[in-house]
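Asks: Generate coordinates for the sequence data below:
(2 chains)
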Amino acid sequence: GNSVTQMEGPVTLSEEAFLTINCTYTATGYPSLFWYVQYPGEGLQLLLKATKADDKGSNKGFEATYRKETTSFHLEKGSVQVSDSAVYFCALMSNQAGTALIFGKGTTLSVSS
Amino acid sequence: DAGVIQSPRHEVTEMGQEVTLRCKPISGHNSLFWYRQTMMRGLELLIYFNNNVPIDDSGMPEDRFSAKMPNASFSTLKIQPSEPRDSAVYFCASSWQGNTIYFGEGSWLTVV
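Replies: Okay, here's the model as predicted:
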């Protein structure tokens, strides 16, 4: 079945450091891929998405490229801020309409000044 | 625009009591999802509905859990009787035609 594997956390960085959170997936067909972010005490917010191979999703300085050959969707940001401290979830949704998101276990990012 | 609205935001209840969580999806959305988040298991899909019909309830832990969607603008997740291991954050989410799924802010349940 479909599944998502993302790197274990926590990830601890200093402000302005480069961020990579790895995400790989297993799926049949051509799923859509997502990154969601959860700030402390809040729900999940969509950060970015990509719906087909080689698409790049981007938002708030974060980027991720849909790599079908490596079944990956790694999240990157060139310079993190303290306000980026949160839990990041990689997720996929199959290409059948009305199906649910399947999430990775989440990676906690902590950025210090 | 109003997002997905969940209630209650926080609930503390005693073991054995019935718990009802409520969700109002975004207007016009035709898919609704219930997820549970715990430290140990992360985000788990419990059940989802398309056009008010339950499609996949394989994630519902056991018979103590039930979910209904009587109309397009309302859903409930009920736990009866509740147990301490049910303590978690329960998220409702909705989408339209398989597009982006939007989450509510969650119901934080503690069973003592």
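Asks: Okay, and residue 108 sits in which element?
Replies: Just going to use chain A. strand A:107-112 (DSSP states H and E).
Asks: You answered for a different chain; I wanted chain B.
Replies: Going by DSSP H and E, B:Trp108 is part of strand B:107-111.
Asks: what's that strand packed up against?
Replies: Helices and strands touching strand B:107-111, by 3 or more Cβ pairs under 8 Å, 6 or more residues apart in numbering or on different chains; DSSP states H and E, are strand B:10-13, strand B:19-24, strand B:88-95. Every residue, glycine included, has its C-beta placed from N, CA and C.
Asks: can you pull out the strands in chain B?
Replies: B:5-7, B:10-13, B:19-24, B:31-38, B:42-50, B:53-56, B:65-71, B:74-79, B:88-95, B:102-103, B:107-111 (DSSP state E).
Asks: Just give me the neighbour total for B:Met103.
Replies: Careful, residue B:103 is Phe and not Met. Using other Cβ atoms under 10 Å in any protein chain shown, the number of residues around B:Phe103 comes to 23.
Asks: In chain B, what residue lies closest to chain A?
Replies: B:Gly98 (3.7 Å; Cβ to the nearest Cβ).
Asks: Next one: that residue from A:Ser94, what distance?
Replies: 9 Å (Cβ to Cβ, to the nearest Å).
Asks: One more: A:Glu8?
Replies: As judged by Cβ to Cβ, A:Glu8 and A:Ser94 stand 25 Å apart.
Asks: of these two, who's got more company?
Replies: A direct count of neighbours by other Cβ under 10 Å for A:Glu8 and A:Ser94 places A:Ser94 higher, at 19 against 11.
Asks: give the contact list for that one.
Replies: A:Asn2, A:Ala27, A:Thr28, A:Gly29, A:Pro31 (Cβ atoms under 8 Å, 6 or more residues apart in numbering or on different chains).
Asks: quick one: which of those has the most company?
Replies: Neighbour-wise, the contacts of A:Ser94 (other Cβ under 10 Å) top out at A:Pro31, 26 neighbours.
Asks: Now do the strands in chain A.
Replies: Counting by DSSP E, chain A has strands at residues A:3-6, A:11-14, A:19-21, A:23-26, A:32-38, A:44-50, A:56-59, A:62-65, A:75-77, A:86-93, A:102-103, A:107-112.
Asks: show me the contacts for the residue nearest to the spatial centre of chain B.
Replies: The residue lying closest to the centre of chain B (Cα atoms, centre = their mean) is B:Trp34, at 3.5 Å. Applying Cβ under 8 Å, 6+ apart to B:Trp34 gives the contacts B:Cys23, B:Leu45, B:Leu46, B:Ile47, B:Tyr48, B:Ala67, B:Ser75, B:Leu77, B:Tyr90, B:Phe91, B:Cys92, B:Ala93.
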